[in-house]
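*Asks:* Need coordinates for the following:
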Amino acid sequence: MPLLEHQLRKARAAGIRRIVFATSYRASMFTEAFGDGSRLGLELVYVTEEEPLGTAGAIRNAARKLTCDADSPVVVLNGDILSGHDLVAQIAMHEKSGAEITMHLTLVNDARRYGAVPTTSEGKVIEFVEKSPKPPTNQVNAGCYVFRRSTIDAIPAGRVVSVEYETFPGLLASGATIMGYVEGAYWLDIGTPGTFVQGSCDLVLGRMVSPAVTPGGGVLFLNGSVVAPEAAVSGGTAVGAGAVVESGATVESSVLFDGAVVEQGARVSRSVIGRGARICAGAVIDEAVIGDGAMVGAGNELRGGLRLWPGTQLPPTAVRFSSDV
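*Replies:* Next up, the predicted model:
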């Protein structure tokens, strides 16, 4: 299923019934996947940016489809995040504190790649430190906010605005209250192929709990998939409908989309195999992305973040590739 569905089901479980999608690139994919939301017990509406408006500009642009009053809480979720935190508790903190914004802060071992957000003992945000070599805390912005509706309406409309560099610091400077809801539950930014695979495997293994998945057995075989008894499939691998894993093949911690084929003796690990793609006998795929309809001939080794574009046909060889093809 689309990874966004986990967020939608999480929102519904928290009592949310109406969601506005802020879309831009390939916006039609969202309506094709989710329609009006009735399948999930939600009302979905869509707003498309014709020009990129930044993180806050996108929120302001989507606000024209909100129907709540000025004092109501509005939950804002980044689309590329998997989070197991307690959204109900975050909303409750926001309503109790009367804050303009309450943001989820997660805990990381190394905060240098993120926006560090120190808070007081009561949870009030003190400052925002973006991607510093010496972050003041290991609490980082986790990409889930509860806004007061009037705070969204105060964001300038029709231009690029950043929540990280303009909205949040500006509110703090004006004396507004921003609260930090700190919870170290499962959290993952799935913005790269590697973290996409990790997130999928974590859902299958139950490390990330979602209302959309019932983990069990360490692998997920969708209806119509065919896995030979002598094949080894493990590590949270998801095998799509109509996909085939032949005898003697090994697939570990990977995502095989519908109709993919891994032939006998081939090895696939920590990779994405696209729809209808074929990994021929004896080929080795490690930390790679194989596009829809592509074929990797026998003897090839594709490793280390390589991406094979859709439809590419690699003939049998004995060459190891480590850059995009």
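*Asks:* For the rest of this, base every contact and every neighbour count on C-alpha atoms.
*Replies:* Noted.
*Asks:* Low-confidence regions, the chain specifically.
*Replies:* Scanning the chain for pLDDT under 70 picks out the ranges 318-325.
*Asks:* I273: how many residues sit nearby?
*Replies:* Residues within reach of I273, counting by other CA atoms under 10 Å, total 31.
*Asks:* going forward can the numbers begin at 475, since that is how I track them
*Replies:* I'll keep to 475 as the first residue from here, and by that count the last item is I747.
*Asks:* how does the protein divide into domains?
*Replies:* For the chain, the structural domains run 478-663, 667-795, going by automatic domain parsing.
*Asks:* can you give me the helices for the stretch 525-674 of the chain?
*Replies:* Applying DSSP state H, counting those that start in this stretch to the stretch 525-674 of the chain gives helices spanning 528-536, 561-571, 623-627, 642-647, 667-679.
*Asks:* where does the third one sit relative to the chain's centre, distance-wise?
*Replies:* Relative to its chain's centre, helix 623-627 lies at 26 Å (CA atoms, centre = their mean, to the nearest Å).
*Asks:* Please identify the buried residues of that helix?
*Replies:* For helix 623-627, the buried set under the neighbour-count rule, 16 or more other CA atoms under 10 Å, comprises 623, 625-626.
*Asks:* okay, those residues in a markdown table with distance to M503 next?
*Replies:* Listed next are the buried residues of helix 623-627 as a markdown table, based on distance: CA to CA, whole Å:
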| residue | distance to M503 |
| --- | --- |
| R623 | 28 |
| T625 | 30 |
| I626 | 26 |
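*Asks:* List the contacts of the longest strand belonging to the chain.
*Replies:* Assignment by DSSP state E gives strand 613-622 as the longest strand of the chain. Contacts of strand 613-622 with the rest of the structure, by CA atoms under 8 Å, 6 or more residues apart in numbering, involve 544-552, 555, 564-565, 568, 573-582, 585, 588-592, 656, 661.
*Asks:* sorry, back to before: out of the domains of the chain, which is the most enclosed?
*Replies:* Most buried of those, by mean neighbour count (mean count of other CA atoms under 10 Å): domain 667-795, with a mean of 21.
*Asks:* contacting residues around G553?
*Replies:* So G553 contacts 478, 481 (CA under 8 Å, 6+ apart).
*Asks:* switch to 10 Å and redo it
*Replies:* 477-479, 481-482, 495-497, 617-618, 663-665 (CA atoms under 10 Å, 6 or more residues apart in numbering).
*Asks:* Same check on K605?
*Replies:* K605 makes contact with 585-590, 614, according to CA under 10 Å, 6+ apart.
*Asks:* G680: which of those residues is nearest?
*Replies:* V614 (24.0 Å; CA to CA).
*Asks:* Apart from its chain neighbours, what residue comes closest to the closest one?
*Replies:* The shortest distance from V614 to any non-neighbouring residue, by CA to CA, 6 or more residues apart in numbering, is to A590 (4.4 Å).
*Asks:* and what of L561?
*Replies:* Distance criterion CA to CA, 6+ apart; nearest residue to L561, sequence neighbours excluded, is A488 at 6.5 Å.
*Asks:* what about the one you found, distance to V678?
*Replies:* Shown here: A488 relative to V678, a distance of 22 Å by CA to CA, to the nearest Å.
*Asks:* E775 and L782 touch, don't they?
*Replies:* No - counting by CA atoms under 10 Å, E775 does not reach L782; the two are 11.8 Å apart.
*Asks:* Need the residues touching each of these two.
*Replies:* Joint contacts of E775 and L782 (CA under 10 Å, 6+ apart) are A762.
*Asks:* Now the residue nearest the centre of the chain. Nearest residue, chain neighbours left out?
*Replies:* For the chain, the residue nearest the mean C-alpha position is D554 (3.1 Å; CA atoms, centre = their mean). Among residues not flanking D554 along the chain, I664 sits closest, at 5.4 Å (CA to CA, 6+ apart).
*Asks:* What distance do you get for the one you found to V735?
*Replies:* Applying CA to CA, the value for I664 to V735 is 25 Å.
*Asks:* just P607 next, same as before
*Replies:* 45 Å.
*Asks:* Same check on P667?
*Replies:* Using CA to CA, we find P667 at a distance of 20 Å from V735.
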